[in-house]
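>>> After the sequence you'll find the predicted model.
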Amino acid sequence: MILVVGASGLLGGMITQQLLDNVKEVRILVRENSIATEMAQVGLGTPAETLIAAGAQPVYGDLKDRPTLDEACRGVTAVITTANSVLRGGEDTIENVDLKGTQNLINAAHEAGVKHIIYVSVLGADVASDNPLAQAKAVCEEEIKKSGMLYTILQPGPFMDVWVGLVVGPPLQAGQPVTLVKPATHKHAFVAMQDVADYAVKALDNKLVVKAFLRIGGPEAYSWQDIVDTAGDTLGHTLPVNYVEIGDPIPMLPESTVPIMYGFETYESYVNMLGAGIMRIEPTSLETFMQGFLSAVAAA
């Protein structure tokens, strides 16, 4: 039995569906009053009902409620967790979810005899980071290493699905300019979420990635200007862009993500993906991703 935590998110939903397609026995942690249905309406979530109908076994609980995790982990051989507090609110903070909640899950999995945990962290996870999410992820990475369980830790760059969806999608649908933070030229290891889902699923049966950290990016790094230019090339016309300074408002972007958007223009990230052949996964290019993304936007 494989437990997927975070299945209501877009990545967790992809992983769950792929496992089911591979005829795996899958259990998903389902939260009461989840916002997954609302997130699914904007392309960023997966309703539990959809996964349950496809064959996933639900168990109701919350990372903040340790006893429910003990029940969720009972009889499980492997855990895949993608859970995070991004785009949530209220009590679902980095401290409560990404740090303490994940620590609860690690402890529950260990005590239940789980053999293998696959943890989706972030590129740049570091306890010395100025980014609270990167700090929390790094702490949990270390606790997983010390837990005694086998582990595979995935460190993907920014998800194309999430960030292109947030920054380009709404303005395009509204017929408004895309807003970018100046100079919009810093390059990052943007990665297609489906690639990360493939890594998570294949890691279950690949002994070469046990007790391993895998940094994941696309075939090359892209700037926000690259992303907008590629969208324009795919559509056959230039997209209008409004450039703002760090600290200026960014229309149509969720407030919780604005500081991250500013941050993209303060550093660069890159991942050498020449070693991706170990997993036999071909990194998805921005051009290929954009074709699918814009087709979905047009159909919405």
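Perfect, I can see it now. Residues are numbered from 1 along each chain as shown.
>>> Going by C-alpha atoms from here, please, whenever you check contacts or count neighbours.
Will do.
>>> which residue packs closest to Phe208, ignoring adjacent ones?
One correction, residue 208 is Leu, not Phe. In space, Leu208 comes closest to Ile278 once its chain neighbours are excluded; the distance is 7.8 Å by C-alpha to C-alpha, 6 or more residues apart in numbering.
>>> For the stretch 201-300 of the chain, give me the ranges with low pLDDT.
Along the stretch 201-300 of the chain, the parts satisfying pLDDT under 70 run over 274-277, 300.
>>> switch the cut-off to 80
Low-confidence segments of the stretch 201-300 of the chain, defined by pLDDT under 80: 274-279, 298-300.
>>> which stretches of it form helices?
Listed in chain order, the helices of the stretch 201-300 of the chain (DSSP state H, counting those that start in this stretch) span residues 224-235, 258-263, 286-299.
>>> biggest strand in the protein by residues?
Across the chain, the longest stretch assigned as strand under DSSP state E is strand 150-156.
>>> hey, C-alpha coordinates of it in PDB?
As requested, the backbone C-alpha atoms of strand 150-156 are provided in PDB (Å, rounded to 0.1, in the frame of the first residue of the first chain):
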ATOM      1  CA  LEU A 150      14.800   4.500   3.100                       C
ATOM      2  CA  TYR A 151      14.300   7.800   1.400                       C
ATOM      3  CA  THR A 152      14.300   9.600  -1.900                       C
ATOM      4  CA  ILE A 153      14.300  13.400  -1.700                       C
ATOM      5  CA  LEU A 154      13.200  15.400  -4.800                       C
ATOM      6  CA  GLN A 155      14.300  19.000  -5.000                       C
ATOM      7  CA  PRO A 156      12.500  20.500  -8.000                       C
END
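>>> Report all helices and strands that that strand contacts.
strand 116-120, helix 132-146, helix 193-203, strand 212-216 (3 or more C-alpha pairs under 8 Å, 6 or more residues apart in numbering; DSSP states H and E).
>>> List of residues touching the third one?
Contact with helix 193-203 is made by 11-12, 14-15, 18-19, 80, 118, 152, 154, 156, 159-161, 209-210, 216, 279, 281-284, as judged by C-alpha atoms under 8 Å, 6 or more residues apart in numbering.
>>> from those, which ones fall inside strands?
Per DSSP E, the subset of the contacts of helix 193-203 in strands is 80, 118, 152, 154, 156, 216.
>>> Let me know the closest of those residues to Cys73.
Using C-alpha to C-alpha, the shortest approach to Cys73 within the ones in strands among the contacts of helix 193-203 belongs to Ile80, at 11.2 Å.
>>> Pretty sure Leu11 is one of the things that closest one touches, is it not?
No - in terms of C-alpha atoms under 8 Å, Ile80 does not count as a neighbour of Leu11; the distance is 10.9 Å.
>>> mean confidence for stretch 66-79?
The average pLDDT for stretch 66-79 rounds to 96.
>>> So what touches that stretch?
With C-alpha under 8 Å, 6+ apart as the test, stretch 66-79 has contacts from 1-5, 29, 59-63, 104-105, 108-109, 112-118, 204.
>>> buried residues in it?
When burial is assessed from 16 or more other C-alpha atoms under 10 Å, stretch 66-79 yields the following buried residues: 66, 68-74, 76-79.
>>> quick one: that stretch to chain centroid distance?
For stretch 66-79, the separation from the chain centroid amounts to 22 Å (computed by C-alpha atoms, centre = their mean, to the nearest Å).
>>> that older thread, pick the most deeply packed of the helices of the stretch 201-300 of the chain.
Mean neighbour counts were compared across those using mean count of other C-alpha atoms under 10 Å; the top stretch is helix 224-235, at a mean of 18.
>>> so what does that one touch, helix or strand wise?
Secondary-structure packing of helix 224-235 (3+ C-alpha pairs under 8 Å, 6+ apart): helix 286-299.
>>> Show me what the helix it packs on is in contact with.
Residues external to helix 286-299 that are found in contact with it (C-alpha under 8 Å, 6+ apart): 160-161, 169, 173, 192, 218, 227, 230-231, 234-235.
>>> same thing with stretch 139-156?
Contacts of stretch 139-156 from elsewhere in the structure, counted by C-alpha under 8 Å, 6+ apart, are 99, 102-103, 106-107, 110, 114-127, 191, 196, 199-200, 203, 209-217.
>>> okay, now Glu245: neighbour count?
Summarising burial for Glu245: neighbours were counted as other C-alpha atoms under 10 Å, giving 13.
>>> let me redo that: Cys140
The burial count assigned to Cys140 is 22, neighbours taken as other C-alpha under 10 Å.
>>> is it true that Gln135 touches Ala125?
Yes - in this structure, Gln135 sits in contact with Ala125. The criterion is C-alpha under 8 Å, and the distance is 6.1 Å.
>>> Show me the shaky parts of the stretch 51-200 of the chain.
Confidence mapping of the stretch 51-200 of the chain against pLDDT under 80 gives the ranges 85-92.
>>> I am finished for the moment; much appreciated.
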